[in-house]
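Peer 1: One predicted model, sequence on top.
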Amino acid sequence: MTSQTNGTTPAVTQHYKVPFNLRRFIRMNSAQFGILGVFLTLWLIFIISAPSTFLSPQIYSAFMTSTPFFAIMAIPLTIVIIAKEIDLSFPSIMAMGMVAFSFSYDGTAIIGNTTIRVFLAIIAALLAGSIIGWLNGIIIVKMGIPSLVVTIGTQFFWRGAVLVLTSGTNFPIVYIKQTFFYPLLVGKIGGFLPMQMIWLVVITILGWVLLNRHRFGAHVYLTGDNIKSAELMGVNTGRVRIQAFMLVGLISAFAGLVASFYIAYFWPNMGSGYLLNTLAAVFLGGTSVFGGTGTILGTFLGTFIIGSIDAATVAVGLTGFLTNLIYGFIIVLSVIMHTYLRKRGE
Amino acid sequence: MEKYRLELRNVSKSFGEVQALRDINFQLGQNEVVGLLGDNGAGKSTLIKIVTGYHQPTSGEIYFNGRKVDHLTVPKARELGVETVYQERALAELQTLWRNIFLGRELCNSLGFLDIQRMRDETHRLMTQSMGFTSQAISPDSRVGKYSGGEKQGVAIVRALFFEAEIIVLDEPTMGLSLKESAKLVNFVKGIKLAGKSAIFIDHNIFHVYNVADRVVVIDRGKVAGEFLTENIGLTELMEKMVRVAETGSLD
């Protein structure tokens, strides 16, 4: 502690660099290597027990078709959980976004051009999702009510709103197939690679950049780690959390678009099966419920573990009754592994 | 007459029913070190959290260099040159050292993207030159939660120095430090004085405060009970007065 009280920033003459050390690298990223290990082990087990299924490309095309519907929401959800909050309302936001979509489409009949109408409807859906996320954030931050409680409430509220506004009916949205938005969101490249997988990768990369290379992400980690410290040092923790909830809202509405475009159909219970899957994927990926730690890559791998167990159980020749048992087993084991790794990690 | 670097006029602060501070008048001169003394719960921490913008006063006015400042926030106070070493250290223990050094004022471009290389470089430089950390376990990428109490405090102090600070607020900085580390800290406060800056120094150890402060302000039950220039009062007399104020609420 020499008295270097001169606060100006002297120019740095030499860069700080450490020689690459594999053991250190693994230790510092232990959560990601841990879940990668689980992922590869399961994969190996699947291949050995059902080689005909898991050595053919069709099963991977199927995984990439169905997993992104919930996996894209797991990315912003990871950000919210790192900030030591939680959001249980995203399945309802998926559906509510689609209500905004169809209301907007019906309300713009005067325009005539389907592509423009669908475009406006997409904007309306994304806007509705962001606003609902913003409302979640405002109630949680400004009223100081725990997010678990608030989003249990808003989850019911928005599902209820969907049922009231649609009178509980399903309706087709086949008109979207005439627009280029259909292939853009859910087309298949080369008859193999679904567009929703591309969107998942794009959202994953954007989420990673935001969390690791942007001030917003730095503040998310700090808020989740120690909110008092963050506030003492001038981080606007309220704004950070509201923005995180808005991201969940925005991306959930987007997931709603992708899921209903895929079958050109809307059903008012859309998304209700995704709640626990998505949350499980985030925790499986090593994000701590206590906030302050978690990675996007871990979540990404977690979603594919969750997304493959169903199909794999059947392909391996086990009865479908076993899937929940296997889900539970893998989730509990992985969470124990993460806790252990966190304790001895750097 | 020279303007005060910082002045509080009739500042009061209540938390609901509890009145933590009433009608505080406090001045900090240019290049002055003021020690704040008072029993636990007297309101010292509340007072400095008003100066750092963390709490907003219920009533009263705050002046920096003679200019009135309304709605002081933490970022605003930092812009005005207030840097703080908090009693609770204000570290994020699961995060790396460089993230803690730049907590709340990350170096980034106009779009908000972080300049990680520069933050790690600066952290490395500060560690080796200012903190004197030589331990292998401490690198810009190591997590702060694994550090010892003295090392954590070192991080909190160096962080206050890295940025352009005019007023350095130290809230119980020697808490949990070894004797050697405390002595280093007292020297460091003297360094602030030599560098022409001002400081507010709170410590439970009256010897530390008496040693470095130009003036001590005694706070009792949310009020300023009295103030003394250290050159005009002996340590024994000051200690007697402190005991008396704690027992009777009056200095004499």
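Peer 2: Happy to help now that I have it. Residues are numbered from 1 along each chain as shown, chains lettered A, B, ... in the order given.

Peer 1: roughly how far apart are A:Lys188 and chain B?
Peer 2: Distance, A:Lys188 to chain B, by C-beta to the nearest C-beta, to the nearest Å: 34 Å. Every C-beta, even on glycine, is put in place using the N, C-alpha and C of the backbone.

Peer 1: Ramachandran coordinates for that residue?
Peer 2: Main-chain torsions, A:Lys188, degrees, to the nearest 10: phi -120, psi 120.

Peer 1: Also B:Val224?
Peer 2: Per-residue torsions, B:Val224: phi -80, psi 120 (degrees, to the nearest 10).

Peer 1: count of residues packed around it?
Peer 2: Residues near B:Val224, counting by other C-beta atoms under 10 Å in any protein chain shown, number 20.

Peer 1: State the distance from it to chain A.
Peer 2: Distance from B:Val224 to chain A, counting by C-beta to the nearest C-beta: 24 Å.

Peer 1: Contacts only, for that residue.
Peer 2: Contact partners of B:Val224, counting by C-beta atoms under 8 Å, 6 or more residues apart in numbering or on different chains, are B:Ile24, B:Asn25, B:Phe26, B:Val217, B:Val218.

Peer 1: In those residues, find the pair that's most separated.
Peer 2: Comparing every pair within the contacts of B:Val224 by C-beta to C-beta identifies B:Asn25 and B:Val218 as the most remote, at 13.4 Å.

Peer 1: more neighbours, those two?
Peer 2: Neighbours per residue (other C-beta under 10 Å) separate B:Asn25 from B:Val218, with B:Val218 holding more: 22 against 14.

Peer 1: Against A:Ile111, how distant is the residue of the stretch 51-200 of chain B found nearest chain A?
Peer 2: Closest to chain A within the stretch 51-200 of chain B is B:Gly191: 2.5 Å, counting by C-beta to the nearest C-beta. Using C-beta to C-beta, to the nearest Å, B:Gly191 is found at 71 Å from A:Ile111.

Peer 1: do B:Asn232 as well
Peer 2: Taking C-beta to C-beta, one finds B:Asn232 at 83 Å from A:Ile111.

Peer 1: and those two? which has more neighbours close in?
Peer 2: When neighbours are counted by other C-beta under 10 Å, A:Ile111 comes out ahead of the other of B:Asn232 and A:Ile111, with 13 against 8.

Peer 1: and the residue of the stretch 51-200 of chain B closest to chain A, how many neighbours does it have?
Peer 2: By other C-beta under 10 Å, neighbour count at B:Gly191 equals 18.

Peer 1: Next one: it, what pLDDT does it get?
Peer 2: pLDDT recorded at B:Gly191 is 80.

Peer 1: does it sit in a helix or strand, and which one?
Peer 2: Assessed by DSSP states H and E, B:Gly191 sits inside helix B:179-194.

Peer 1: Now tell me what touches that helix from outside.
Peer 2: When contacts are defined by C-beta under 8 Å, 6+ apart, helix B:179-194 is touched by residues A:1-3, A:5, B:31, B:33, B:150, B:153, B:157, B:168, B:170, B:173-174, B:177, B:198-199, B:201, B:205, B:208, B:211-212, B:214.

Peer 1: okay, the angle between whichever helix or strand comes after it and helix B:179-194?
Peer 2: Remark: after helix B:179-194, the chain's next helix or strand is strand B:198-202, criterion DSSP H and E. Strand B:198-202 and helix B:179-194 are oriented at 150 degrees to each other (axes from the mean of the first three to the mean of the last three C-alpha atoms, to 10 degrees).

Peer 1: A:Phe266 pairs with what?
Peer 2: Beta-bridge partners recorded for A:Phe266 (DSSP bridges): A:Phe171.

Peer 1: isn't it right up against A:Val174?
Peer 2: No. Counting by C-beta atoms under 8 Å, A:Phe266 does not reach A:Val174; the two are 10.9 Å apart.

Peer 1: These two - which one has more neighbours?
Peer 2: When A:Phe266 is set against A:Val174 and neighbours are counted by other C-beta under 10 Å, the residue ahead is A:Phe266, at 22 against 11.

Peer 1: gap between the more buried one and B:Gly112?
Peer 2: Distance of A:Phe266 to B:Gly112, computed by C-beta to C-beta: 37 Å.

Peer 1: do A:Ile82 as well
Peer 2: For A:Ile82, the distance to B:Gly112 (C-beta to C-beta) stands at 17 Å.

Peer 1: who's more crowded, those two?
Peer 2: A:Ile82 (25 against 15).

Peer 1: so how far is A:Val235 from the more buried one?
Peer 2: Going from A:Ile82 to A:Val235 by C-beta to C-beta gives 14 Å.

Peer 1: Pull the number of nearby residues for A:Pro172.
Peer 2: Residues near A:Pro172, counting by other C-beta under 10 Å, number 11.

Peer 1: How much space separates the residue lying closest to it once chain neighbours are set aside from A:Ala100?
Peer 2: Nearest non-adjacent residue to A:Pro172, counting by C-beta to C-beta, 6 or more residues apart in numbering or on different chains: A:Tyr265, 5.4 Å away. Using C-beta to C-beta, one gets 17 Å for the distance from A:Tyr265 to A:Ala100.

Peer 1: what about residue 107, neighbour count?
Peer 2: All of this refers to chain A. For A:Gly107, using other C-beta under 10 Å, the count is 13.

Peer 1: actually it's chain B I care about, not the one you picked
Peer 2: Neighbours of B:Leu107 under the rule other C-beta under 10 Å: 15.

Peer 1: who's in contact with stretch B:109-126?
Peer 2: Contacts to stretch B:109-126, defined as C-beta under 8 Å, 6+ apart, come from residues A:9-10, A:12, A:14-16, A:213-216, A:218, B:97-99, B:101-102, B:106-108, B:139-141, B:158, B:162.

Peer 1: In helices only, show me these.
Peer 2: If you go by DSSP state H, the contacts of stretch B:109-126 have A:Arg213, A:Arg215, A:Phe216, A:Ala218, B:Leu97, B:Trp98, B:Arg99, B:Ile101, B:Val158, B:Phe162 in helices.

Peer 1: Which members of those define the maximum pairwise distance?
Peer 2: Maximum distance among the ones in helices among the contacts of stretch B:109-126 (C-beta to C-beta): 25.5 Å, for A:Phe216 and B:Val158.

Peer 1: Tell me which of those two has more neighbours.
Peer 2: Counting neighbours by other C-beta under 10 Å for A:Phe216 and for B:Val158 shows that B:Val158 has the greater number, 23 against 19.

Peer 1: Is B:Ser12 bridged to anything, and to what?
Peer 2: Beta bridges link B:Ser12 to B:Ser59, judged by DSSP bridges.

Peer 1: Was I right to think it contacts B:Arg22?
Peer 2: Yes. The criterion here is C-beta under 8 Å, and B:Ser12 meets it with B:Arg22 at 5.0 Å.

Peer 1: Report the contact partners of the most centrally placed residue in chain A.
Peer 2: The C-alpha lying nearest the average C-alpha coordinate of chain A belongs to A:Ala74 (C-alpha atoms, centre = their mean; 1.7 Å). For A:Ala74, the contacting residues are A:Thr278, A:Ala281, A:Val282, A:Gly285, A:Thr299, A:Phe300, A:Gly302, A:Thr303, by C-beta under 8 Å, 6+ apart.

Peer 1: Which members of those define the maximum pairwise distance?
Peer 2: In the contacts of A:Ala74, the most distant members under the criterion C-beta to C-beta are A:Thr278 and A:Phe300, with 12.5 Å between them.

Peer 1: what do these two both touch?
Peer 2: Common neighbours of A:Thr278 and A:Phe300 (criterion: C-beta under 8 Å, 6+ apart): A:Ala71, A:Ala74.

Peer 1: of these two, who's got more company?
Peer 2: When A:Thr278 and A:Phe300 are compared for neighbours, A:Thr278 comes out ahead with 29 against 26, by other C-beta under 10 Å.

Peer 1: What parts of the stretch 201-346 of chain A come near chain B?
Peer 2: A:213-216, A:218, A:221-222, A:225-226, A:228-235, A:292-293, A:346 (C-beta under 8 Å from any C-beta of the partner chain).
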